[in-house]
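Engineer: Below is the sequence, then the predicted model.
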Amino acid sequence: MRDGSTAGAPSRLMLTVPNRPDYLALVQHTTRDAARLAGFHKGGRHRASNVVCQLAQVFMGTPARPVEEGEIDLTCEVVPGGLSVTLHDDGPPFDPSLRGQASTFVHGLLTDGSPDWVEFRNLGRGGTTVQVMLHVGSATTDAATDLPQESDEDDAFVVTASPEAAEPAGEAAPALTPDTHPRPAAGPAGAAAPASVDEVEVSYGLFRPEQAAAVSSCIYDAYRLTYLHEDMYHPLRIAALNKSGDMISAVATVPDGTVVGHFALSFADDRSVPELGIAATRRDWRGRHIAHRLADLLMQEGQRRELYGTFAEAITVHPYTQHLNVALGLGTCGVRLASIPPDREFRGIDEHPRCRNSAMTMFRYFVEPSRVPLDVPPRHRDMIARLYGWIGAPDRLAGSPPGGLDAVLERPAETTIEVRLTPASSIASFTVMSFGEDARTRLHDELRMLRESEFRVIEAALDMTEPGAAAAAAQLEELGFLFVGVRPGGPGVEWLLMQYFNGVIVDYEVMAVDSDESHELVEYVRALDPDAD
């Protein structure tokens with residue numbers, strides 16, 4: 001326990017304990033001490049410790065149903081007229097507003113012994129914080145100090161005491177207990193654990209908004225806090241992405257409401273070609289082909305919506321995801337070298353290379369491929385033709401002039417470049433939609449700025465449906481970029497993929513590629529890499 005005082009009586013008490021119920025007594029004693037310092041009478045100290053312990057129990061679970069290991073930070077601060085208490089938990093995301101029990105949760109907080117103000121805030125990879133305000137010598141609805149302003153952040157859930165909320169018509173307000181409000185992934189209190197997960201029925205379907213917090217918990221169980229998609233640690237964002245159509249989630253659930261698997265089609269710039277990914281299966285449920293069934297459901301949905309196709313990034317730490325994509329009808333069309341940071345966790349793999357890992361880019365058409373002519377780099381034309389053959393478009397280059405589109409189409413006046421930065425993985429990506437006479441200068445300047453910003457991996461995507469793409473690819477190769485594949489981007493967009501490494505040496509030996517096609521592409525790219533062994 002740390003004393004935050006500077007002179008005289010302490011104004012702040014801080015405690016860090018393991019996230020387990022057996023440490024609840026320390027939370028209780030620390031809160032009572034802080035309430036005494038804040039001037040609470042005996043009954044007030046008892047009320048304060050009860051409120052904080054109830055909230056701590058929500059995060060800790062119960063001995064029969066413990067949550068994942070972690071820590072809880074308790075901060076008790078004496079403020080004018082009362083006590084402000086903050087609990088920070090680094091375990092799975094928790095958001096009561098999205099469990100379908102917000103009303104019950106509020107009524108439980110606003111009973112006679114409740115705090116005057118409480119706020120839950122989901123911090124994504126930063127965990128969850130709950131802050132409460134307790135006032136000296138006042139009833140719940142008779143606060144002696146101003147209440148904090150409600151947060152307008154997207155993952156804040158605020159409850160303020162009011163007589164109307166405290167007394168729901170026609171029913172008694174339930175007490176807040178860990179059994180009433182467990183972790184999103186927890187089962188019913190007192191329920192007997194099944195002898196085996198194989199005995200539990202798993203249901204598959206598209207996402208419903210009330211499942212958002214349970215999806216976040218599933219992501220946490222699979223990856224802890226290392227997953228690159230920060231939005232997946234924020235239940236409100238998951239619900240918003242599905243509502244807007246930016247993501248189509250499929251979930252696997254068991255009878256107690258636990259989400260044991262998640263897979264999604266997520267859209268970036270083009271609404272016709274989503275990425276198949278964000279796959280997670282809870283550790284105890286692996287081996288039941290949950291991911292495959294969810295992916296099958298998404299493939300059916302993609303066909304039903306008549307999307308152009310879908311692509312996936314299959315990690316090369318192990319061949320499982322590559323196997324899955326092949327079974328779903330996806331073929332190899334590219335490779336993303338060193339695209340995954342070394343701190344990314346892979347559940348079910350006890351040991352994997354602690355270097356930047358790679359992924360195979362794979363694609364499947366849902367409709368007939370486009371016939372738009374392409375500006376193909378002559379140096380890689382044969383390989384590009386093979387790549388299109390692997391994904392089901394063997395004659396894709398038939399209408400593309402060998403001399404390039406420059407010979408038959410006029411270039412625009414200016415080059416159009418869009419840049420996307422991902423600092424968490426030290427990746428910078430830029431897409432070139434059109435190639436003007438200033439393309440060489442623009443590409444050189446873009447690379448220089450990204451190198452100076454110390455991004456380790458710089459990716460380029462050139463639209464081969466535009467004249468000048470082949471010339472720009474040659475210019476990027478002069479600057480040190482490697483050709484790494486292609487990827488259809490929709491009926492009118494075809495991406496040529498290239499990468500540049502800023503101080504990163506790709507270890508090709510640790511890549512586990514399973515198919516002959518993937519092996520052939522990796523060896524082709526390796527032969528182009530001057531830094532390869």
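Structural biologist: Done, it's in. Numbers count the residues shown, from 1 in each chain.
Engineer: For the most centrally placed residue in the chain, give me its contacts.
Structural biologist: The chain has residue 229 as the residue nearest its centroid, 2.8 Å off, counting by C-alpha atoms, centre = their mean. Contacts for residue 229 were tallied using C-beta atoms under 8 Å, 6 or more residues apart in numbering; they are residue 278. To be clear about C-beta, it is placed using only N, CA and C from the backbone, and glycine gets the same treatment.
Engineer: Please report the distance of it from residue 279.
Structural biologist: 11 Å (C-beta to C-beta, to the nearest Å).
Engineer: just residue 365 next, same as before
Structural biologist: 21 Å.
Engineer: Enumerate every residue touching residue 89.
Structural biologist: Per C-beta under 8 Å, 6+ apart, neighbours of residue 89: 19, 59, 70, 71, 72, 127, 128, 129.
Engineer: which secondary element of this protein has the worst mean pLDDT?
Structural biologist: helix 163-166 (a mean of 34; mean pLDDT, DSSP states H and E).
Engineer: Following the chain onward from that one, which element is next?
Structural biologist: Going down the chain from helix 163-166, the next helix or strand is strand 203-206, by DSSP states H and E.
Engineer: Out of the contacts of residue 89, which one has the lowest pLDDT?
Structural biologist: Note: of the contacts of residue 89, the lowest pLDDT belongs to residue 59, at 76.
Engineer: Touching, that residue and residue 19? I think so.
Structural biologist: Yes: between residue 59 and residue 19 there is a contact at 6.4 Å, judged by C-beta atoms under 8 Å.
Engineer: Give me the phi and psi for residue 81.
Structural biologist: phi 90, psi 0 (degrees, to the nearest 10).
Engineer: Residue 282: how many residues sit nearby?
Structural biologist: Using other C-beta atoms under 10 Å, residue 282 is surrounded by 23 other residues.
Engineer: wait, residue 309
Structural biologist: Neighbour tally, residue 309, other C-beta under 10 Å: 23.
Engineer: Could you tell me which residues make contact with it?
Structural biologist: Residue 309 touches 272, 273, 302, 363, 364, 365, 366, 367, 488, counting by C-beta under 8 Å, 6+ apart.
Engineer: If I look at it, what pLDDT would I see?
Structural biologist: The model reports residue 309 with a pLDDT of 97.
Engineer: can you give me the helices in the stretch 401-533 of the chain?
Structural biologist: Per DSSP state H, counting those that start in this stretch, the stretch 401-533 of the chain carries helices over the ranges 439-452, 469-478, 516-528.
Engineer: which stretch among those helices comes nearest residue 402?
Structural biologist: helix 469-478 (10.4 Å; C-beta to C-beta).
Engineer: what mean pLDDT does the closest one have?
Structural biologist: 95.
Engineer: Kindly report the domain assignment for the protein.
Structural biologist: Following automatic domain parsing, the chain resolves into domains at 2-166, 203-307, 311-533.
Engineer: among the ones you listed, which gets the worst mean confidence?
Structural biologist: Minimum mean pLDDT among those: domain 2-166, a mean of 69.
Engineer: now what about stretch 24-37, what contacts it?
Structural biologist: Counting by C-beta under 8 Å, 6+ apart, 1, 9-11, 13, 15, 17, 44-46, 48-49, 52-53, 56-57, 60, 72, 74, 76-78, 83, 85, 134 sit against stretch 24-37.
Engineer: returning to that earlier point: show the buried residues in the contacts of residue 309.
Structural biologist: Buried members of those, scored by 16 or more other C-beta atoms under 10 Å, are 272, 273, 302, 363, 364, 365, 366, 488.
Engineer: Can you lay out the residues you listed as CSV showing distance to residue 434 and secondary structure?
Structural biologist: Below are the buried ones among the contacts of residue 309 laid out as CSV (distance: C-beta to C-beta, whole Å; DSSP: H, G, I helix; E, B strand; the rest coil):
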residue, distance to residue 434, secondary structure
272, 20, coil
273, 19, coil
302, 29, helix
363, 23, strand
364, 28, strand
365, 25, strand
366, 27, coil
488, 18, strand
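Engineer: and the end-to-end length of stretch 419-433?
Structural biologist: 11 Å (C-alpha to C-alpha, to the nearest Å).
Engineer: Alpha carbons of stretch 240-260, as PDB, please.
Structural biologist: Extracted in PDB, the C-alpha atoms of stretch 240-260 (Å, rounded to 0.1, in the frame of the first residue of the first chain):
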ATOM      1  CA  ALA A 240     -21.300   0.300 -33.600                       C
ATOM      2  CA  LEU A 241     -19.200  -1.400 -36.300                       C
ATOM      3  CA  ASN A 242     -21.700  -4.100 -36.800                       C
ATOM      4  CA  LYS A 243     -24.600  -1.600 -36.800                       C
ATOM      5  CA  SER A 244     -22.900   0.600 -39.500                       C
ATOM      6  CA  GLY A 245     -22.000  -2.400 -41.600                       C
ATOM      7  CA  ASP A 246     -18.300  -1.800 -41.300                       C
ATOM      8  CA  MET A 247     -18.000  -5.300 -39.800                       C
ATOM      9  CA  ILE A 248     -20.100  -8.500 -40.000                       C
ATOM     10  CA  SER A 249     -19.400 -10.600 -36.900                       C
ATOM     11  CA  ALA A 250     -20.300 -14.200 -36.500                       C
ATOM     12  CA  VAL A 251     -20.300 -15.600 -33.000                       C
ATOM     13  CA  ALA A 252     -20.300 -19.100 -31.300                       C
ATOM     14  CA  THR A 253     -22.200 -19.200 -28.000                       C
ATOM     15  CA  VAL A 254     -23.100 -21.700 -25.400                       C
ATOM     16  CA  PRO A 255     -26.300 -21.800 -23.300                       C
ATOM     17  CA  ASP A 256     -25.100 -19.600 -20.500                       C
ATOM     18  CA  GLY A 257     -24.400 -16.700 -23.000                       C
ATOM     19  CA  THR A 258     -20.700 -17.100 -23.100                       C
ATOM     20  CA  VAL A 259     -19.200 -16.200 -26.500                       C
ATOM     21  CA  VAL A 260     -16.700 -19.000 -27.200                       C
END
